[in-house]
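1. Below: sequence and its predicted model.
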Amino acid sequence: MTGQQVIELELSTMAHGGEALGHWQGKVVFVPGAVPGEVVRARIVEDRKRWARADLLGVLTASPHRVEPPCPHFAVCGGCQWQHISYEAQLCYKRHVIIEQLQHLGHIPVRRCAPRSACASHGPIGTMPSLQRWDRGNWVSRQRAATT
């Protein structure tokens, strides 16, 4: 894949930092300015072994959660990566990012719970960490807390 290749990509979720991500040719592709559920045209600008970053060229199929950013400087400033997403969807995507980081980076167990009502339409992201309390420098799960 060349550094300037244009691809069509379906985006599935959000990553830390507000970039939507999709999968293409076995790689995760991060696309700033896009929204999960969208099909986009994007240009690969950084290509690594397991992932790539792409610039958004156009939205072929828009997400129902895409909104007009309220700030006129949104496209050039870079300070508010989530303004193109409805507020309710932002809450759900941010919750999902935190849970993913707790599980995969922090190795903290997560249990299923009833999702926030606003998140119900955003897929299976209604989870909460099963943390009980802080104990000697570590979070202790409910299961372990019951035995200590």
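-> Done, it's in. All values derive from a computational prediction rather than experimental measurement.

2. what about the residue lying closest to Val6 once chain neighbours are set aside, distance to Gln25?
-> Excluding the flanking residues, the one nearest Val6 by C-beta to C-beta, 6 or more residues apart in numbering is Arg43, at 5.2 Å. No exception for glycine: its C-beta is placed from N, CA and C like everyone else's. Using C-beta to C-beta, to the nearest Å, we find Arg43 at a distance of 15 Å from Gln25.

3. go on, Cys77?
-> Cys77 is 32 Å from Gln25, by C-beta to C-beta.

4. So those two - more neighbours on which side?
-> Taking neighbours as other C-beta atoms under 10 Å, Cys77 and Gln25 compare with Cys77 leading, 12 against 9.

5. buried stuff in the helix of greatest length in the chain?
-> In the chain, assigned by DSSP state H, the helix with the most residues is helix 87-104. Buried residues in helix 87-104, counted by 16 or more other C-beta atoms under 10 Å: 89-93, 95-97, 99-100, 102.

6. Counting by contacts, list what that helix packs against.
-> Counting contacts by 3 or more C-beta pairs under 8 Å, 6 or more residues apart in numbering; DSSP states H and E, helix 87-104 is packed against strand 6-14, strand 110-112, strand 127-129.

7. what does stretch 45-57 contact?
-> 1-4, 6-7, 9, 19, 24, 27-34, 40-44 (C-beta atoms under 8 Å, 6 or more residues apart in numbering).

8. what about burial for those residues, which qualify?
-> By 16+ other C-beta under 10 Å, the contacts of stretch 45-57 give 7, 9, 19, 24, 27-34, 40, 42, 44 as buried.

9. closest to Ser63 among those residues?
-> Of all the buried ones among the contacts of stretch 45-57, Ala34 has the smallest distance to Ser63: 8.3 Å, by C-beta to C-beta.

10. Who are the contact partners of the closest one?
-> 11, 19-20, 40, 42, 56, 59.

11. Report the two of those separated the most.
-> Among those, Glu19 and Val59 lie farthest apart (C-beta to C-beta), at 14.7 Å.

12. low pLDDT regions in this structure?
-> 1-3, 112-148 (pLDDT under 70).

13. residue boundaries of the strands in it?
-> Along the chain, counting by DSSP state E, strands occupy 6-14, 19-24, 27-32, 39-47, 51-61, 110-112, 127-129, 131-135, 138-141.
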